[in-house]
Structure formats: C-alpha cells, structure tokens
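**Student:** A structural model of the following input is requested.
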Amino acid sequence: MRLISRAKGVAAGLAIIAVAAAAVLFALAAARPSGRILPAYDPDPVRGEVMYHAGGCISCHKSSATSGVMGEPTGGAPFQTPVGTFWPGNLTPDPGTGVGSWTAEQFVDAMTRGVSPDRRNYLPAFPYTSYRNMRDEDLLDLWAYLRELEPVRSPGHAPDIPMLGLARRAVGLWKRLALGKETFRPDPEQSDEWNRGAYLVNGPGHCGECHTPRNVLMIPDERRAFAGGPHPSGEKGEVPSLLDLEARGRYSGVSDLTLALQFGETLGYDKFSSGGMADVQMNLALLPEDDLRAIAEYLLSLE
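**Tutor:** Numbers count the residues shown, from 1 in each chain. Presented below is the predicted three-dimensional model:
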C-alpha cells in the first residue's frame with residue numbers, strides 16, 4: 001500500500017509539474033502588444049511610398065486578379081510554402097477587412113513583432129523578422145502611405161496549414177529565438193550610401209528572407225547570410241547566392257548592377273524573371289536611382 005501511495009504521489013507531482021510547464025509555455029507563447037510609445041513624428045506618405053516599393057508589398061498583397069506592381073494591395077492571391085498556403089491580407093484602409101481600424105502602434109507591432117491587433121501571432125511567411133530592422137519613422141511613413149490608398153473591401157482567408165491554432169502558439173515560442181538578435185545599426189566605417197543600401201536590403205527589402213539559408217529551427221542562419229538556399233515556396237531549384245557578385249562575373253560594378261535593378265531582362269540581364277525575381281525587380285525599379293545605387297554598392301560588397 002505504501003508503494004502504491006508513493007507511486008500515486010509521484011504521478012500527481014509529475015502531473016502538477018507538467019501542467020505548470022504547459023502554463024508557462026502557454027504564457028510565453030502568447031501574443032501581446034508591446035505598449036511601446038512611438039516617437040513624436042510627422043509621417044510623410046511620399047517617403048512611405050518608397051518603403052512600400054522597397055518592400056515589394058504589392059507582390060504578396062495583390063489580389064488574385066492582378067500581378068507585378070499593378071492594382072491595390074487588397075490581398076487574396078495565394079502564397080504557396082512547404083508548410084501550406086497563405087493568403088496575404090488586405091493593406092488598404094478599409095475598416096472592416098483591411099487596416100483602416102488599426103492604430104499606428106498596432107501597425108508597428110505587426111511589422112516588427114509579428115503581433116496582430118487581435119493578439120494573434122502572425123506566422124513568419126510575413127517577414128517581420130526583417131521588418132524589425134526598420135526605423136520607427138520609416139514604418140510611420142509607410143503607415144501614412146497605406147492610409148492614403150483607396151479603401152477596398154476584401155475579406156481575408158485563414159492560412160491553410162495543419163493545426164493552425166497550435167502553430168500560432170508555437171510561433172510565439174519561435175519568435176523568442178528568431179527575434180533575439182540585434183536590429184540593424186549603421187556601420188560607422190562605411191559610407192552613407194553603403195549604409196543606406198544595407199538598410200534597404202536588410203530592412204524593408206527583406207532580401208535575406210529568400211537569399212539566406214535557414215537552420216533546423218527555420219531561423220535565418222546569419223553565419224551564411226545571402227549565401228542562397230532552398231526556394232521558400234518549395235519549388236525545385238535554389239535561390240542564388242548574392243555573395244561575390246562582381247568576382248563571379250555577374251556584374252562589372254555599381255553602375256552595371258544599378259542598371260540591372262532598374263531594367264532587369266529588358267536590358268538583357270538574365271535571372272531576373274525566375275523564382276519571383278521579376279516582381280522584385282519591377283518594384284525596385286520604382287525606387288529613386290540613388291537608392292538603387294546604394295543597394296548595388298552594398299550587394300557588391302558582400303563576400
């Protein structure tokens with residue numbers, strides 16, 4: 001009887017520990033607003049439009065009837081990944097189906113922490129792991145630009161992935177690892193142009209989301225940054241490396257790569273139409289030439 005009682009006591013103790021551990025994990029995985037106070041700032045939608053094109057927002061948030069850089073970012077076009085299908089949401093200021101009822105604070109939390117206004121964890125098909133490198137002022141400029149778009153009613157669609165609720169909770173734990181690294185800081189030993197390019201590539205441009213391979217936890221492996229890797233949609237083939245572009249004979253210098261970013265295959269630059277790069281190039285072509293030169297200078301410095 002003593003052995004039975006002792007066994008029951010051990011089992012009860014283990015059950016209590018398991019429940020406590022589950023409660024702790026549940027709390028750690030919860031999506032909570034940051035409560036951070038944003039800086040006093042007068043947003044500029046014109047600068048916000050630059051951020052919009054740098055991020056290629058329309059390429060993912062287009063409707064199923066549009067492509068490239070055409071149309072409003074109403075969402076609805078499917079985005080295939082190895083884990084399932086996503087339908088990026090409506091970015092127009094429609095209050096019911098878009099971002100019209102959001103606050104600026106909620107927008108910044110979504111962009112930098114992957115937290116929705118209704119306290120859900122966004123799945124990392126939404127590249128907030130890169131957008132967190134953006135300055136508050138640039139995010140507020142982008143927010144101002146989106147607020148000036150024509151509101152369009154376009155209901156969203158939940159991701160088609162297994163065990164969605166559990167996946168969102170798991171992402172809450174994943175973010176504690178994936179968002180633990182330091183955000184972007186200018187390199188004082190580099191030129192202003194280089195730093196501008198580094199910011200655009202690593203922040204709004206989120207180039208590393210495709211061009212940086214990931215570790216077993218699906219976190220970008222910064223030790224192999226921009227070294228290329230599997231296509232994020234699960235397509236055959238790999239996303240190419242962005243390292244040693246000049247040494248490998250891809251481009252002859254900053255001016256050459258700038259032209260490639262501006263005109264792509266229109267001027268005979270190859271590999272700008274596969275794997276989604278056509279949309280990327282069309283969005284980049286809308287940036288000021290100075291920004292394209294800055295991106296080119298930074299990319300050509302990667303070894």
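
**Student:** Report pLDDT for the residue nearest the centre of the chain.
**Tutor:** Computing the C-alpha centroid of the chain and ranking residues by Cα atoms, centre = their mean puts residue 127 first, at 1.5 Å. Model confidence at residue 127, given as pLDDT, is 96.

**Student:** Isn't it up against residue 206?
**Tutor:** Yes: using Cβ atoms under 8 Å, residue 127 is in contact with residue 206, at 4.3 Å. Quick note: C-beta positions are derived from backbone N, CA and C, even for glycine.

**Student:** Which secondary structure state does residue 296 sit in?
**Tutor:** Of the three states, residue 296 takes helix under DSSP: H, G, I helix; E, B strand; the rest coil.

**Student:** quick one, phi psi at the residue nearest to it when sequence neighbours are not counted?
**Tutor:** Of all residues beyond its chain neighbours, the one nearest residue 296 is residue 257 (3.8 Å), with distances taken as Cβ to Cβ, 6 or more residues apart in numbering. Taking degrees, to the nearest 10, you get phi -70, psi -30 for the backbone angles of residue 257.

**Student:** For residue 212, give me its contacts.
**Tutor:** 220-222, 224-227, 229 (Cβ atoms under 8 Å, 6 or more residues apart in numbering).

**Student:** go again using 7 Å as the cut-off
**Tutor:** By Cβ atoms under 7 Å, 6 or more residues apart in numbering, the contact list for residue 212 reads 220-221, 224-227, 229.

**Student:** ok, now residue 242?
**Tutor:** 211, 226, 299, 302.

**Student:** Could you report the distance from it to residue 204?
**Tutor:** Spatial separation of residue 242 from residue 204 under the definition Cβ to Cβ, to the nearest Å is 16 Å.

**Student:** before we move on, what about residue 193?
**Tutor:** From residue 193 to residue 204 the distance is 17 Å (Cβ to Cβ).

**Student:** Which parts of this protein are helices?
**Tutor:** Counting by DSSP state H, the chain has helices at residues 2-29, 45-54, 57-61, 104-113, 128-131, 136-147, 164-178, 192-202, 208-211, 254-263, 277-284, 289-301.

**Student:** now these as JSON lines including distance to residue 271 and mean neighbour count?
**Tutor:** What follows is those, written out as JSON lines (distance: least, Cβ to Cβ, whole Å; neighbours: other Cβ atoms under 10 Å):
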{"stretch": "helix 2-29", "distance to residue 271": "40", "mean neighbour count": "10"}
{"stretch": "helix 45-54", "distance to residue 271": "20", "mean neighbour count": "20"}
{"stretch": "helix 57-61", "distance to residue 271": "17", "mean neighbour count": "22"}
{"stretch": "helix 104-113", "distance to residue 271": "30", "mean neighbour count": "20"}
{"stretch": "helix 128-131", "distance to residue 271": "22", "mean neighbour count": "22"}
{"stretch": "helix 136-147", "distance to residue 271": "29", "mean neighbour count": "22"}
{"stretch": "helix 164-178", "distance to residue 271": "29", "mean neighbour count": "16"}
{"stretch": "helix 192-202", "distance to residue 271": "17", "mean neighbour count": "20"}
{"stretch": "helix 208-211", "distance to residue 271": "13", "mean neighbour count": "20"}
{"stretch": "helix 254-263", "distance to residue 271": "9", "mean neighbour count": "18"}
{"stretch": "helix 277-284", "distance to residue 271": "7", "mean neighbour count": "19"}
{"stretch": "helix 289-301", "distance to residue 271": "14", "mean neighbour count": "20"}
